[in-house]
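Engineer: Pasting a predicted model and its sequence here:
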Amino acid sequence: MHIGTTDLGLHPILLAPMEDVTDIGFRTLCRKMGASMVYSEFVSCDALTRLVKSTMLKLKVSPEERPVAIQIYGKDPSAMAEAAKIVEEASHPDIIDINFGCPVKKIAGKGAGAGLLQNIPLMLDIAKSVVNAVKTPVTAKTRLGWDSNQIIIPTLAEQLQDCGIQALTIHGRTRSQMYKGEADWNYIREVKSNPRITIPIIGNGDIDSPQKATNAFKNYLVDAIMVGRATFGRPWIFKEIHDELHPDTPIDTSNIVPSQYAPMTDNWKLDVLKEQVRLSIKRIDEYRGILHTRRHIAASPLFKGIPDFRQKRIDMLRATTQEELFRLMEETRPFLLHP
Ligand SMILES: Cc1cc2nc3c(=O)[nH]c(=O)nc-3n(C[C@H](O)[C@H](O)[C@H](O)COP(=O)(O)O)c2cc1C
């Protein structure tokens, strides 16, 4: 699959954009684990056009993580065009993605993100304006519609393609659903089966196993899949999926992290999480670096099934130094289920 000149190979697996999660360290780790392309968290157009320092830092990309997409959100076509130019200049990303799917009140309630599902003419103006402003391929990510009474994705996909959008990610939920219920992939297949649609369609929603990934390609016919929440505390999910899809060319994980253990064993996975903490600390500072990896440690399937883990988890989430956190993590080692 290609987006512009970026070749993502057959059956690409993409790391979803996630606020406060997909920073440069996590993105790089996921790429090494087999993600075909990674997305930044969404970056505010308003903050970009004001050149807010903390926002500009979000544009940093490393050569190791390419191909990388930077995602932007906003509701004003000319400001979005300006923001896209700033992103192009600062990051030289492989792709600029527009967020038309964020359901949270502070974004959608103000008319950006999924809020634009209630104002399609404005959404299309934004898409055209960004496409015309930059040389970088522009893609978009959206949902099925505002609610179950307004499923508009089959028409919307054509309209976005006509604006020059070069690939479309569809999260199989409506805005009203937020993250509840199950993603409905039937609408994604409907878009993909439309002979007028020539751009790649990326399916998103609830993929958390190689089986679901295989099913998405086989039965819903998508060109690529995007994985979000299932990567928390499990960056190796990309290898799990990749190796299932491409058994003849498995991802070589032998040198990704310093570890004496065999790749994909639980001991190795514990070393991966420790490396993630180290990378995060290196990027920010000890305290905030640890805060940033908490969500991963709290959610990691690695610790599931460890007897009396509850208190240990609370202690891990309270740890404020690398030494303390690593000591607590090491204490789980003798209890790992698949050492
Ligand atoms: C913590 C969190 C942050 C997210 N931030 C973004 C974002 O910045 N941009 C975006 O397009 N989607 C964002 N999403 C939505 C995901 O990209 C994805 O569409 C959604 O989680 C469904 O995929 P999944 O079932 O694989 O998690 C976020 C989701 C989560 C859980």
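Structural biologist: Yep, that arrived.
Engineer: going forward, measure contacts between C-alpha atoms and count neighbours the same way
Structural biologist: Will do.
Engineer: Contact partners for residue 19?
Structural biologist: Contact partners of residue 19, counting by Cα atoms under 8 Å, 6 or more residues apart in numbering, are 40, 41, 42.
Engineer: Swap in 7 Å and give it another go.
Structural biologist: By Cα atoms under 7 Å, 6 or more residues apart in numbering, the contact set of residue 19 is 41, 42.
Engineer: gap between it and residue 41?
Structural biologist: Look at residue 19 and residue 41: by Cα to Cα, to the nearest Å, they are 5 Å apart.
Engineer: Equivalent analysis for residue 149, please.
Structural biologist: 29 Å.
Engineer: swap in residue 274?
Structural biologist: Residue 274 sits 22 Å away from residue 41, going by Cα to Cα.
Engineer: Equivalent analysis for residue 169, please.
Structural biologist: On the measure of Cα to Cα, residue 169 and residue 41 end up 15 Å apart.
Engineer: Equivalent analysis for residue 283, please.
Structural biologist: Residue 283 is 16 Å from residue 41, by Cα to Cα.
Engineer: care to break this protein down by domain?
Structural biologist: Using automatic domain parsing, the domain parsing of the chain gives 2-245, 266-335.
Engineer: returning to that earlier point: neighbour count: residue 169 and residue 41, which is higher?
Structural biologist: Shown here are residue 169 and residue 41; by other Cα atoms under 10 Å, residue 169 has more neighbours (26 against 22).
Engineer: can you tell me how far that one sits from the ligand?
Structural biologist: 9 Å (Cα to the nearest ligand atom, to the nearest Å).
Engineer: Okay, and the beta partners of that residue?
Structural biologist: Beta-bridge partners recorded for residue 169 (DSSP bridges): residue 141, residue 202.
Engineer: Identify the residues contacting it.
Structural biologist: 140, 141, 142, 201, 202, 203, 204.
Engineer: redo that, cut-off 8 Å
Structural biologist: Counting by Cα under 8 Å, 6+ apart, residue 169 has contacts 139, 140, 141, 142, 201, 202, 203, 204, 226.
Engineer: quick one: which of these is most hemmed in?
Structural biologist: residue 203 (30 neighbours).
Engineer: Contact partners for it?
Structural biologist: 169, 170, 171, 172, 185, 188, 216, 222, 223, 224, 225, 226.
Engineer: tell me the pLDDT at the nearest residue to residue 27 once chain neighbours are set aside?
Structural biologist: Counting by Cα to Cα, 6 or more residues apart in numbering, residue 38 is the residue found nearest to residue 27 once chain neighbours are left out, at 5.9 Å. For residue 38, the model assigns a pLDDT of 98.
Engineer: The one 5 residues further on now?
Structural biologist: At residue 43, the pLDDT value in this model is 98.
Engineer: Make sure it is actually in contact with residue 52.
Structural biologist: No - applying Cα atoms under 8 Å, one finds residue 43 not in contact with residue 52, separated by 11.0 Å.
Engineer: Which one's more surrounded, those two?
Structural biologist: residue 43 (22 against 12).
Engineer: So residue 183, which state does it fall into?
Structural biologist: coil (DSSP: H, G, I helix; E, B strand; the rest coil).
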